[in-house]
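K.L.:
Dropping a prediction and its sequence here:
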Amino acid sequence: MRKDLCLRKVYTNKNKLLEDSKDPANVSLAAFKPAVILGFDIEEDGREWKDEWKELRKQGNLFETVKPVETLIPKLPYKFYYRFTDDGGNVSRLMIEDWEIGALYWNCLRNA
């Protein structure tokens, strides 16, 4: 069921996907298949959370009656990207913002 919904429209052109995400089509769920994956980039990032993000985390949940003890999860010290081309030859670099890349990093670090 989920696969049928997600693969209903598979884009191979990034510009077409971006165009269809706006009026009048308003596509909000789509799959993208790059023509060629050029590489995987890793960039060093700050090792500490920004102060304003720490402060936002302290706000907690408005609907909780008992405030749990907040523990701040460690920040990933790297950013991860895919570089690829679409069927029009356009080169793109897309940051991977999925939690699984972070879990992979921490698991590899622990096992190394």
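P.N.:
Cool, got the structure. Residues are numbered from 1 along each chain as shown.

K.L.:
so residue 91 touches residue 83, yeah?
P.N.:
Yes: using CB atoms under 8 Å, residue 91 makes contact with residue 83 at a distance of 6.9 Å. Just so you know, the C-beta spots here come from the backbone N, C-alpha and C atoms, and that holds for glycine as well.

K.L.:
just how off-centre is the helix or strand hosting residue 56 within its chain?
P.N.:
Using DSSP states H and E, residue 56 sits in helix 51-58. Distance, stretch centre to chain centre, for helix 51-58: 21 Å (CA atoms, centre = their mean, to the nearest Å).

K.L.:
Stretch 75-84 now?
P.N.:
With CA atoms, centre = their mean, you get 9 Å for stretch 75-84.

K.L.:
Buried residues, it. List them.
P.N.:
80, 84 (16 or more other CB atoms under 10 Å).

K.L.:
again, but for stretch 89-109
P.N.:
Applying 16+ other CB under 10 Å to stretch 89-109 flags residue 102 as buried.

K.L.:
Which element, helix or strand, includes residue 37?
P.N.:
Judged by DSSP H and E, residue 37 forms part of strand 36-44.

K.L.:
and for residue 91 and residue 83, which residues touch both?
P.N.:
By CB atoms under 8 Å, 6 or more residues apart in numbering, residue 91 and residue 83 have these common neighbours: residue 38.

K.L.:
what's the single longest helix in this protein?
P.N.:
Scanning the chain for the helix with the most residues, using DSSP state H, yields helix 99-111.

K.L.:
Keeping just the C-alphas, turn it into PDB.
P.N.:
Taking Å, rounded to 0.1, in the frame of the first residue of the first chain, the C-alpha atoms of helix 99-111 are listed here in PDB:
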ATOM      1  CA  TRP A  99      17.900   9.900  11.300                       C
ATOM      2  CA  GLU A 100      19.300   6.600   9.900                       C
ATOM      3  CA  ILE A 101      22.500   8.300   8.600                       C
ATOM      4  CA  GLY A 102      23.100   9.500  12.200                       C
ATOM      5  CA  ALA A 103      22.400   6.100  13.600                       C
ATOM      6  CA  LEU A 104      24.900   4.500  11.100                       C
ATOM      7  CA  TYR A 105      27.500   7.000  12.100                       C
ATOM      8  CA  TRP A 106      27.200   6.300  15.900                       C
ATOM      9  CA  ASN A 107      27.100   2.500  15.300                       C
ATOM     10  CA  CYS A 108      30.200   2.600  13.100                       C
ATOM     11  CA  LEU A 109      32.000   4.800  15.700                       C
ATOM     12  CA  ARG A 110      31.100   2.500  18.500                       C
ATOM     13  CA  ASN A 111      32.200  -0.600  16.600                       C
END
